[in-house]
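>>> starting from these lines, generate the structure:
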Amino acid sequence: MLLLLLVLLAVLFPGGDNQEASQGPTSYRVMQISSFANSTWTQNRGSGWLDDLQIHGWNSDTGTAIFLKPWSKGNLSDAEVTELEEIFRVYFFGFTKEVQERISDLQLEYPFEIQGVAGCELHSGGTTESFLKGAIEGLEFLSINYTCWPSPGGGSRAEKVCELVAKYKGIFDTIENLLYETCPRYLLSVLEAGKVDLQRQVKPKVWLSSGPSPRPGHLLLVCHVSGFYPKHVWVMWMRGEQVQLGTQQGDFLPNVDGTWYLRATLDVAAKEAGGLACRVKHSSLGGQDLVLYWGSSISVGLIILAVIVPCLVFLMGLALWFWRRWSYQDIE
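Numbering: from 1, shown residues only. This is a model prediction of the structure:
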């Protein structure tokens, strides 16, 4: 029953997956994290995602879903939403009770966490693939793909859960229907409802800087890429057409407007920094990569100063000469 409750959570509550395709989201995932501190204190958290975009949350105080986008319901009616919220409330109560009663069978000791993730993914050609996985303390112990499969590291704990699943064929058939029919239907509907928002393209802004020197005689080159959407982006330090394998990418960080920030660094000997460039590829650029050369901003600035300043001096001198000439003519 523990696994069956996990499945109900996974397939009935909308979410998304991390398929960073340039054409927009292609998957739907729900995530659950249940923290068990002791026999009397438990916290259950749920969230729904389209790829890397969170579109649902769960208010554990009121037992209601939080719709983070105006199109988060997809084609779900208000009656269906109410029914799903009720199932979710019952699920959290039953899930907590089942786990606490099976601490010994599951070979668990307080405190611990149980994670669940499930959903479906849209492939090219219109085919879909559903998935469900369960983990304890971050270690996957089982997955479901038309049947329950203990993971290699799941041990006897996973085998016992799969044995329980086999005893409840009627319930499992219903869950299977939700995984392989309800989930794909919802995914297609929410992708259509949120199409304008999901398929928007925002060009990245790129600039270079240097970080703290990693060691004597070396530079830490930093390429900043910010304000881009969708999330999928390719950023590398290059020398000509040769990728610098020492490039280190940081974590994707969200901006307040829903766009993303990423930085790529390269530890390089100071004397070898010349000729290096940061190259950025993104779907919003229409196939035209952004390329910034290390030191180019300084050289361009010097060139601008070298050209503009003399011109300004010349123009000021010319204006002064005309002014004086006109002044003399007025006096005469």
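>>> how about low-confidence regions in the protein?
1-24, 171, 296-314, 317-332 (pLDDT under 70).
>>> which stretches in it count as helices?
2-12, 78-101, 155-166, 169-177, 183-193, 195-198, 296-331 (DSSP state H).
>>> from V30, how far out is the nearest residue to G194 once chain neighbours are set aside?
In space, and not counting its chain neighbours, G194 is closest to W71: 4.1 Å by CB to CB, 6 or more residues apart in numbering. All C-beta atoms are positioned from the backbone trio N, CA, C, and that covers glycine. Separation of W71 from V30 (CB to CB, to the nearest Å) stands at 17 Å.
>>> next: G119.
6 Å.
>>> out of W71 and V30, which sits in the more crowded spot?
V30 (25 against 17; other CB atoms under 10 Å).
>>> what's across from the more buried one in the sheet?
Counting by DSSP bridges, V30 forms beta bridges with G48, A118.
>>> so it touches R45, yeah?
No - V30 lies out of contact with R45 (CB atoms under 8 Å); the separation is 11.3 Å.
>>> with adjacent residues omitted, what lies nearest to A193?
W71 is the one closest to A193 (CB to CB, 6+ apart), at 3.8 Å.
>>> hang on, I meant S151
Spatial nearest neighbour of S151, excluding adjacent residues (CB to CB, 6+ apart): E140 at 4.7 Å.
>>> and that neighbour, how far from L106?
15 Å.
>>> what about these two, which has more around it?
More neighbours surround L106 than the other of E140 and L106, with 20 against 17 (other CB under 10 Å).
>>> quick one, what contacts the residue nearest to the more buried one when sequence neighbours are not counted?
Nearest residue to L106, sequence neighbours excluded (CB to CB, 6+ apart): R157, at 5.6 Å. For R157, the contacting residues are 106-107, 136, 141, by CB atoms under 8 Å, 6 or more residues apart in numbering.
>>> next, find the distance separating Y261 from N255.
Separation of Y261 from N255 (CB to CB): 6 Å.
>>> now for the two: what residues contact both?
226-227.
>>> between these two, point out the one with more neighbours.
Set side by side, Y261 and N255 show more neighbours around Y261, with 17 against 13, by other CB under 10 Å.
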